[in-house]
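**Student:** coords below, sequence missing:
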């Protein structure tokens, strides 16, 4: 068994594991996957929990989410 911390800084191998875990958590009902806004909201909430409300920067989060979607070859509109 292995554990992956969603908020940890890790190497490239861990990035895919963390992203996969995030997608699984958000899409827990296994419908059609997750959309851009769901992932943005998830990261906003985690950021607020870990670093406080002042740390939430939605513009930066949207850039990060776009990169995450590109990494998994998903369209932002999906």
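**Tutor:** Now that the structure is in, tell me what you want to look at. The model shown is predicted, which means the values in this text are computed figures rather than measured ones.

**Student:** Could you check how many residues crowd around residue 42?
**Tutor:** Close neighbours of residue 42, defined as other Cβ atoms under 10 Å, add up to 18. (C-beta placed from N, C-alpha, C; glycine too.)

**Student:** In which helix or strand does it reside?
**Tutor:** Per DSSP states H and E, residue 42 falls inside helix 36-51.

**Student:** counting contacts, what elements does that helix pack onto?
**Tutor:** Helix 36-51 makes packing contacts with helix 12-26, helix 58-71 when contacts are defined by 3 or more Cβ pairs under 8 Å, 6 or more residues apart in numbering; DSSP states H and E.

**Student:** what residue ranges in the protein are flagged as low confidence?
**Tutor:** 1-13, 28-32, 76-78 (pLDDT under 70).

**Student:** which outside residues touch stretch 65-78?
**Tutor:** 15, 16, 19, 23, 33, 35, 36, 39, 40, 43 (Cβ atoms under 8 Å, 6 or more residues apart in numbering).

**Student:** Pull out the buried residues from those residues.
**Tutor:** 19, 23, 35, 36, 39, 40, 43 (16 or more other Cβ atoms under 10 Å).

**Student:** Mind putting the residues you listed into TSV with distance to residue 53?
**Tutor:** Output for those, formatted as TSV (distance: Cβ to Cβ, whole Å):
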residue	distance to residue 53
19	24
23	25
35	24
36	22
39	19
40	16
43	14
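
**Student:** Now for the residues you listed: which two are most distant?
**Tutor:** Longest distance between any two of the buried ones among the contacts of stretch 65-78 is 15.1 Å, between 19 and 35; criterion Cβ to Cβ.

**Student:** Next, count neighbours for residue 57.
**Tutor:** 12.

**Student:** The chain should start at 22 in everything you say after this.
**Tutor:** Sounds good: first residue 22 from here, last item residue 78.
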